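Enquirer: take a look and give me a structure for this.
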Amino acid sequence: MVMIKNMTLPFHFSRQYIRFTRRIIGKELRLGTPVALQDLLVGISFLVIQTVVNSFGVTASAGVGIAEKVCVFIMLVPSAYMQSMSAFVAQNMGAGNPVRAKKALKYGVLTAFAAGVFMAWLTFFHGDLLSGLFSKDMNVITASHSYLNAYAIDCMLTPFLFCFMGYYNGCEKTLFVMIQGIIGAFLVRIPVVYLTSRMAGATLFQIGLGTPASSLVQIALCLGMFVWLEKKAA
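Expert: Presented below is the predicted three-dimensional model:
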């Protein structure tokens, strides 16, 4: 507001122009609340996974904690694609140009996948170097690298999943995005992690497979939704 006050705008603007419209605010809440709720529940699911891993001991717990820090960096590219896809698709849907929105999804997936392959290579073969940025304990680095090997698989899946999520957010299908996210987190990721943790000799790599398993199911749901919407529009 301070910047606006001190800028010379190409149009007249004053405080009287600020209005709260119930209809618009209601629509924003209807679209935004499912996205916010999904982020909250997915975050909780990863806390549950961390709780399960804690039973493996201090080294494993520290390793997964470091791996999650590395994953924040790894997921920057697909997350950026998801956000930009959402904005671009929304603009084109609003302009009545769904064909261009679908092209954006296509090329977004292709280019994001190219970046995902590189990140998968970096994570799988050099996850120890990435983990070494946060710890100098070789046991912790080894544990973190084991967990990251499973995330390397997810690096090649998230370009599809995140681009689809951005596409559906732009199409105002945020409720579906929330539902598929909850299914992936609570019906796939957590059960796989828990059941794997009960196996004798379970490794952090096997525990980490819960994430790509969840992504596969979510991608299948997104593809099913895309086919259903195409048939509905035909």
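
Enquirer: the bottom helix or strand of this structure by mean pLDDT?
Expert: Least confident helix or strand of the chain, by mean pLDDT, DSSP states H and E, is helix 2-5 with a mean of 81.

Enquirer: and that helix, C-alpha only, in PDB?
Expert: In PDB, the C-alpha atoms belonging to helix 2-5 read as follows (Å, rounded to 0.1, in the frame of the first residue of the first chain):
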ATOM      1  CA  VAL A   2       2.900   2.300   0.700                       C
ATOM      2  CA  MET A   3       4.400   1.600  -2.700                       C
ATOM      3  CA  ILE A   4       1.100   2.200  -4.400                       C
ATOM      4  CA  LYS A   5       0.700   5.500  -2.600                       C
END
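
Enquirer: what number of residues lie near residue 9?
Expert: 8 (other C-beta atoms under 10 Å). All C-beta atoms are positioned from the backbone trio N, CA, C, and that covers glycine.

Enquirer: list phi and psi for it.
Expert: Backbone torsions for residue 9, taken as degrees, to the nearest 10, come to phi -90, psi 150.

Enquirer: let me know the pLDDT of it.
Expert: On the pLDDT scale, residue 9 is placed at 84.

Enquirer: do residue 205 as well
Expert: Residue 205 carries a pLDDT value of 95.

Enquirer: that one contacts residue 150, correct?
Expert: Yes: the criterion here is C-beta atoms under 8 Å, and residue 205 meets it with residue 150 at 5.3 Å.

Enquirer: which of these two has more residues huddled nearby?
Expert: Using other C-beta under 10 Å as the criterion, residue 205 and residue 150 rank with residue 150 on top: 22 against 18.

Enquirer: OK, contacts around the more buried one?
Expert: By C-beta atoms under 8 Å, 6 or more residues apart in numbering, the contact set of residue 150 is 204, 205, 206, 207, 208, 209, 211, 212.

Enquirer: now do 7 Å
Expert: Residue 150 makes contact with 205, 208, 209, 211, 212, according to C-beta atoms under 7 Å, 6 or more residues apart in numbering.

Enquirer: of those, closest to residue 27?
Expert: The closest of the contacts of residue 150 to residue 27 turns out to be residue 211 (C-beta to C-beta; 33.1 Å).

Enquirer: list the contacts for residue 83?
Expert: residue 166.

Enquirer: let's see it at 10 Å
Expert: Going by C-beta atoms under 10 Å, 6 or more residues apart in numbering, residue 83 touches 162, 165, 166, 169.

Enquirer: report pLDDT for the last one.
Expert: To tie it back to what came earlier, the one meant is residue 169. Note on residue 169: pLDDT of 94.
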